[in-house]
Every structure is written in structure tokens, then in C-alpha cells.
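> take a look and give me a structure for this.
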Amino acid sequence: DLYSFCTLLPQRLKMRLVNVATCNLNQWALDFEGNLERIKLSIDKAREKGCKIRTGPELEVCGYSCEDHFLEEDTIEHSWECLVDLVTSGYTDNILIDVGMPVMHQNVRYNCRVFLCNRKIVLIRPKMFLANDGNYRETRWFGAWSQGYCVQEHYLPKIASDAFDQRSAPFGIGIVQIGDVTVASETCEELFTPDSPHITLGLDGVEIFLNGSGSHHQLRKLNQRIELIKSATAKGGGVYLYANQKGCDGNRLYFDGSAMIMQNGQMLQQASQFSIRDVEVISATVDVNDVRSFRGSIASRSIQAASRDTVVPKIFVENLDVLACGSEVPSLPIPERYLTAEEEIASGPPCWLWDYLRRSGLTGFMLPLSGGADSSATATIVGLMCELVIFEIHQGDSEKSSQQALADVQKITKDPNFKPTTAKELCNRVLYTCYMGTEYSGEETRSRAERLAATIGANHRSVKIDEMTAAVTNVFMQQSQRKVRPDIKNKDTLENVAQQNIQARSRMVLAYYMAQLLPWDNGYKGPLLVLGSANVDEALRGYYTKYDCSAADLNPIGGISKVDLKAFLLWCAKTKGWDVHREVVEATPTAELQPLSPTGKVTQSDEEEMGMSYQELSVFGTMRSAQRCGPVSMFRKLAQPNQWGTLFSPTEIAAKVKRFFFFYSVNRHKMTTLTPSYHAESYSPDDNRFDLRQFLYRVSWPFQFTRIDKMANSMATRPDECKL
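Okay, here's the model as predicted:
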């Protein structure tokens, strides 16, 4: 019969099948108890799937984002305590476990993978190439292993040597040999380097690669990871297990999971990129013979492997048979899954907010909702967060996962009897919005704010703040000899700008006041987190008031461009039938801080006031950061025919570049107080970590701007002879 045929099939075909598992874990920096619980659950799930090899994320024991806590002896000590608990509880019995934790070797702190089997440490593998760009600062906390492909003797701390009855363990780069199956690891950044360890390891016969990673989300980044793993295994053959953290583990980054298993350039399993689930384990049955056959068919690889100079030491594992002996059959390839940028925005920031909210101990969010694109996008992200939570409660992949989601909701709302059945019902409890209008606000924005809040189910209010701004103005005039009078004809007067700023800052003060009292006003307990809604382009240009509504506890769109936010809102309108979102996109962006026209129309336009479009700001931002351009090199690139050379004259391009750098530099000080924002864009100006630059500039840029003017004039008078 079919069952007997499937049972005997592997033996008939002499396959060498191995069941392997990898995972996404939602770890939290320094949450040793919770981290250990999630590691144990992932091992349980791997065992349930019949797996003999399990790998997990980078530094999963202590959490990736411990940062300067890595410098504390406590962090390493507690990591060893967790490892001892894991081993003595039997979680390494009859299975090879690969976990990530910091280890001190010969007084040097290393970012390590620790291989465990049958209550022994098999190998401690330090990271060779550390991530030290963008958001990463690993060289601040760890040393890079520079001894090459060798192992040294590492004497275990007493707590481990007593528990494992093992005085020392191999420390370095080695191959774990289990029967005739070979396993080795590389860690996160090592995959991205030109001379990745998997090249040398593969040529030395490693068949199964394990990669524990701590890789954060950035829009349109997943394809890079997949292509690197695909290329690694398509070019040299092999099975590649990629594990990653998933979630907000305590800072601005969202680690976007996407654990995967590839073999010989083909995807066998791919975990979700975004979800609120704490533990997600995927597994595959791989045939080691397929790797050997694949490699043997590539003549050039065989020549390189036979003539290699490096011989990697092998560490043998006894009393473990990793070959499957049941009815397993090899896993078949599946298509790779990618999300559009709009879908990523609809998933990443909502998951980040949920993690932050449930771990903060507060009861929800407060958002000033203006009816514009930015605050509408922020509100929508919270609405989508609620949809994810409701889905997990009612359709989670396991009863434990559903119970956890419901328990988190009841903890947040401080209501053990609250069991929401719809996203709107949940949103009404955790999101409070308020339209804060003035005499300069238009009816259109008030209406859009009200209808958008109703669409997602937010608890919405609408107030006028003219009395607040008038009170501040009156206090000033008590000691002044002059009367403050906003002037619609001359928008840049000091008094006009001051009036705009006090409106904006009054909204911030009111937002925090309401965040403390709105739950109380509704008969609930606890304060709220205040959400900001300034996009990455406005932060780059400095087009906002310091300490206005951009000053908040969190900003889920602070790393997203205006162009992508508008596309996201249109995606919501199309996929969910939310028509008000289309209205928001089609409306002219305006801060509504200036007097209305005599006919009652809004006179302020963001792009007109900035002197540049949001599309242009995205270009400036990408060139400044991702392409590392200063004023002169930016002008050179933009003046090329395939850029703006056919759209604008050289002097127009020069004027645009100089205008951008002037406003960028004169407003750079605002970045020092930027609200913690979800990182999503390669040109984020976040001064805290990602974009490290001065905040006091000579804003006239005399040397650079003079060079630009000379080049522009030369191009205008002698275009054929000019050399940029």
C-alpha cells in the first residue's frame, strides 16, 4: 500500500535524510527568563517535528540589543546560567543544538555560537567578521576572531564545568562531524562579506550550514538576504539554515524574522517576515546525498576543493545519529515569498508597536490626528496592529499562541474579562485620537480625521486649541510693548513664525495631558504612549517645529518616506476599501498653521513652503546617505543626463542642491531630540545611532557652494567642454 511504499522509499533509494529546524524568536534584551523559555519552546517544536539539528538567532540567550550591557560581567554570567539550565533540563539530549550568546575567552569578549549535544559543549564558535555600520556597533562590545580556521582550548566557568562534568571545550572555527554528516556555522554579517566563511567551509566538505542572525528590517532588504543564501548554495552546494530574531527587542529596530532553509539554491521552507507570534519554527527533511551529487557535478568546484590549502579542524560528536529512519521523504522546493513595500509598512511597524506596547506596561496610544497623510498613516498602522492581534487570538497557529495574544491584550487593557472579537473593538480600547483644530484649520481636515478614526475604530475626540495659544500670546504681551499680529501677506515674519510654533507646541502639551487622562475619562486605568507622526523626509529637511507633535514617545513612520507613505495609504484604500485614505492622499499636504484666506481657504502648502517636493527630498536623502554624497558630488550626479540634467538647467539644479543642504544643516539640531522611530529607510537622519553627523554646521557652505556655482556656470556657457 501507499504507506508501506513511503515508509520503505528512503531505504530503497539509499537516501541520507536529515531533519533540520530553524526559527524566528521574539527575544528581548536582558529578559533572560523569557528568552530561555522561548528557546526551550523552539527546541520542543523542533523535536516534535523529528529534527536532530536546531539553530536559533544571534545572541538569543541574552538578546541581540543589549548594547553597552554586553560590557557588564552580569550579562555573560547570566548567559552561562541560562545555558546550564538548558542543558541540565535535558533540552540537548539526542539533538544538536546551536545557540547564540556572549563568551569571554582569554579576556576577550566574543559573539559566539555554542554547539550543544547530550549535555556537553561540542564547540564554541566565535564570530569572525563583526557588523559595524549603519545601526550596528558590534566592535564596541566584541572582539573579532582573527586566528583563522583553528580551535583552542577554552576552560569553562565553574558553573558550567560542574554541571556538564566537562573542564574545557574547543573554541574557534571548526566543523562538527556527526557520523559522516558535517555541520558548521557562520553568523549574520559573515554571510554579507566578500569572502564568507561558508566558501572555505564548503570546500572543506561542510554540507549543512547554520546561520544565527540578528538582522533588522529595512524596506526592500529581504531580497538581499535571500539572494545571498541562494547564491551561496547554488554556487557551492549545501543545506543552509538561516535563523533570525523577530520583533522589537528594546530599541528602534524591528528584526524581521524570515527564517529559511535552502538547499542547492532552492528554497525548502520560509518562515514569516512579520507576525506577533513569539516562537516560529520551520523544518525540512534534506538529503545529504543531493548535496554531494550536486557538488560532484561542478568540475571547477571539485578542482578548488581538492587543491585547497586550508584544512578546518573537525570536532566529532558521539552517540548521535542524525539520519532519519522513519517515513520521511525529502522536502520539495517552494517559491520564495516577498512583500511589496506597502505590505511591509502594513506589517513591520504594527508588529513593532505591539511589542513595545505589551512590554511597556502602558494601556494604549494617544495620537494627535490632523487628517493629513502622516498622522493618518500612523493611525492606520495602529488599526492594522489590532487586526494582527485579533487574527492571532482567533486563528493563531496554536492554542498557546492564541492564549498568549489574549493574555497580552488583557494585561494592556488591565481588564481580565476583555475578549475583543473585532479589530475595531480592540482599537477603540488602545488608540485614542484627537483632532486639535484652530481658527486656521479647514473643515476638510477635521472631517477626514473623524472619518478615518471611525474607519479603524479609534476612540476619537475633536477640540479647539485657540484658547491655549491665545493664553501664551497674552502672557507674552503682558511684558511686551508691541502687539502680536499674524500677517497673511508676509508669512515669514518673526511674529508669524512664533504663532505657528506655539500652535504646534500646544498640541504636544495637550497630547501628553490627554494621554494621562483619556483612559480615566473613559473609566479605564493607566496612561497612554504618545505617538508622533513626522516622516523621514520632513526630519531630513527639518520641516517641523521642535517639540511639537513630532515630540512623542514613539514614531512608527519616522523612518518612512512621504512617497512610500502615500503608496501605503493608497494600498489600504484599494485592498481594504477604506475610501477616506484615498481622500487623504489626494489632499494638498498642509500644516494649517497660517491664517486662512478671506474666502476661508487654507493658504499653506508644505511643498511650496519647503521649496522642494517630497519626491526631490527622497532623492536628496538617498544621495546624501546611501550614496555618501556631499554638496559637490550630489550636484555632479544630479547634473548628469540620466538624472536631472534633461529636466532642469545647471543653475536650477545647483539652486536645488544648495537649498537642500542649507535647510538640512540649519535644522540638523532638531535630530538630537528626534522621537525614537521605527527604522525602515537607508537614508534615515536619526542622530541617535544611524546617521552620525554634527549638528552645528556653517550653513552657508561657502567652499562647497562656490564650487557648485562655478561648475553650473561653466556648464551653462560651455556645455560641451565642461567636465564634472
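> only C-alpha atoms for contact and neighbour calcs from this point on.
OK.
> just the strands in the stretch 201-350 of the chain please.
Counting by DSSP state E, counting those that start in this stretch, the segments of the stretch 201-350 of the chain that form strands are 208-213, 239-247, 255-256, 260-263, 266-270, 279-287, 314-316.
> Lys52 reaches Val322, doesn't it?
Yes - applying C-alpha atoms under 8 Å, one finds Lys52 in contact with Val322, separated by 5.5 Å.
> so what sits against both of those two?
Both Lys52 and Val322 are in contact with 18-19, 95, where contact means C-alpha atoms under 8 Å, 6 or more residues apart in numbering.
> Lys314: which of the residues you listed is nearest?
Lys314 lies nearest to Ile95 out of the shared contacts of Lys52 and Val322, by C-alpha to C-alpha, at 18.3 Å.
> run a quick check on Leu528 versus Leu367, I expect a contact.
No - applying C-alpha under 8 Å as the test, Leu528 and Leu367 come out as separate, 9.6 Å apart.
> could you measure from Thr182 over to Phe316?
9 Å (C-alpha to C-alpha, to the nearest Å).
> neighbour count for these two, which is higher?
Ranked by neighbour count (other C-alpha atoms under 10 Å), Thr182 and Phe316 place Thr182 first, with 21 against 15.
> in terms of pLDDT, where does the closest residue to the more buried one other than its chain neighbours sit?
In space, and not counting its chain neighbours, Thr182 is closest to Val206: 5.0 Å by C-alpha to C-alpha, 6 or more residues apart in numbering. Val206 carries a pLDDT value of 97.
> do Leu540 as well
For Leu540, pLDDT reads 88.
> show me what contacts it?
Contact analysis of Leu540 by C-alpha under 8 Å, 6+ apart lists 621, 664, 668, 684-685.
> which PyMOL command selects the buried ones in the residues you listed?
In PyMOL, a selection of the buried entries from the contacts of Leu540 looks like this (16 or more other C-alpha atoms under 10 Å):
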select buried, resi 621+664+668+684+685
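> mind checking the longest helix of this structure?
helix 494-521 (DSSP state H).
> could I get the buried residue list for it?
Neighbour-count burial for helix 494-521, with 16+ other C-alpha under 10 Å as criterion, is recorded at 496-497, 499-512, 514-519.
> next helix or strand past it?
Moving toward the C-terminus from helix 494-521, the next helix or strand (DSSP states H and E) is strand 529-530.
> roughly how far apart are Pro197 and Phe129?
9 Å.
> ok, now Asp548?
Counting by C-alpha to C-alpha - Asp548 and Phe129 are separated by 42 Å.
> ok so, going back, just send the contacts of Leu540 back as TSV, with secondary structure, distance to Gln704 and pLDDT too.
Converted to TSV, the contacts of Leu540 look like this (DSSP: H, G, I helix; E, B strand; the rest coil; distance: C-alpha to C-alpha, whole Å; pLDDT from 0 to 100):
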residue	secondary structure	distance to Gln704	pLDDT
Gly621	helix	18	90
Tyr664	helix	15	92
Arg668	helix	18	91
Ser684	coil	23	81
Pro685	coil	21	77
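> quick one, helices of the stretch 51-200 of the chain?
In the stretch 51-200 of the chain, the helices defined using DSSP state H, counting those that start in this stretch lie at 73-88, 158-164, 189-192, 197-203.
> and Ser398, which of those is closest to it?
helix 73-88 (23.4 Å).
> between the shared contacts of Lys52 and Val322, which sits nearest Arg448?
Each of the shared contacts of Lys52 and Val322 was checked against Arg448 using C-alpha to C-alpha; the closest is Asn19, at 54.0 Å.
> out of the shared contacts of Lys52 and Val322, which one sits closest to Lys658?
The shortest approach to Lys658 among the shared contacts of Lys52 and Val322 belongs to Asn19, at 59.4 Å (C-alpha to C-alpha).
> tell me the SS of the closest one?
State at Asn19, reduced to three classes by DSSP: H, G, I helix; E, B strand; the rest coil: strand.
> so in terms of bridging, what pairs with it?
Applying DSSP bridges to Asn19 gives these bridge partners: Thr285.
> do I have it right that it meets Ala284?
Yes - counting by C-alpha under 8 Å, Ala284 is a contact partner of Asn19 at 5.8 Å.
> spatially nearest residue to Ser625, not counting backbone neighbours?
In space, and not counting its chain neighbours, Ser625 is closest to Tyr683: 5.1 Å by C-alpha to C-alpha, 6+ apart.
> ok, Gln410 - contacts?
When contacts are counted by C-alpha under 8 Å, 6+ apart, Gln410 touches 416-419.
> in a strand, it, correct?
No - in this structure, Gln410 is helix, not part of a strand, as judged by three-state DSSP.
> and the gap between it and Asn459?
18 Å.
> same question for Met508.
Met508 sits 18 Å away from Asn459, taking C-alpha to C-alpha as the criterion.
> just Asp278 next, same as before
Going from Asp278 to Asn459 by C-alpha to C-alpha gives 28 Å.
> coming back round to it: identify, from the shared contacts of Lys52 and Val322, the entry nearest to Ser307.
Checking the shared contacts of Lys52 and Val322 against Ser307 with C-alpha to C-alpha, the nearest one is Val18 at 29.0 Å.
> common neighbours of Thr182 and Phe316, please.
With the criterion set as C-alpha under 8 Å, 6+ apart, the overlap between the contacts of Thr182 and Phe316 is Val176.
> host element of Ala29?
Ala29 belongs to no helix or strand when assigned by DSSP H and E.
> quick check on the residue lying closest to Trp28 once chain neighbours are set aside: phi, psi?
Closest residue in space to Trp28, ignoring its immediate chain neighbours: Asp249 at 4.2 Å, by C-alpha to C-alpha, 6+ apart. When read as degrees, to the nearest 10, the backbone of Asp249 gives phi -100, psi 20.
> and Met711, by the same measure?
According to degrees, to the nearest 10, Met711 has phi -70, psi -40.
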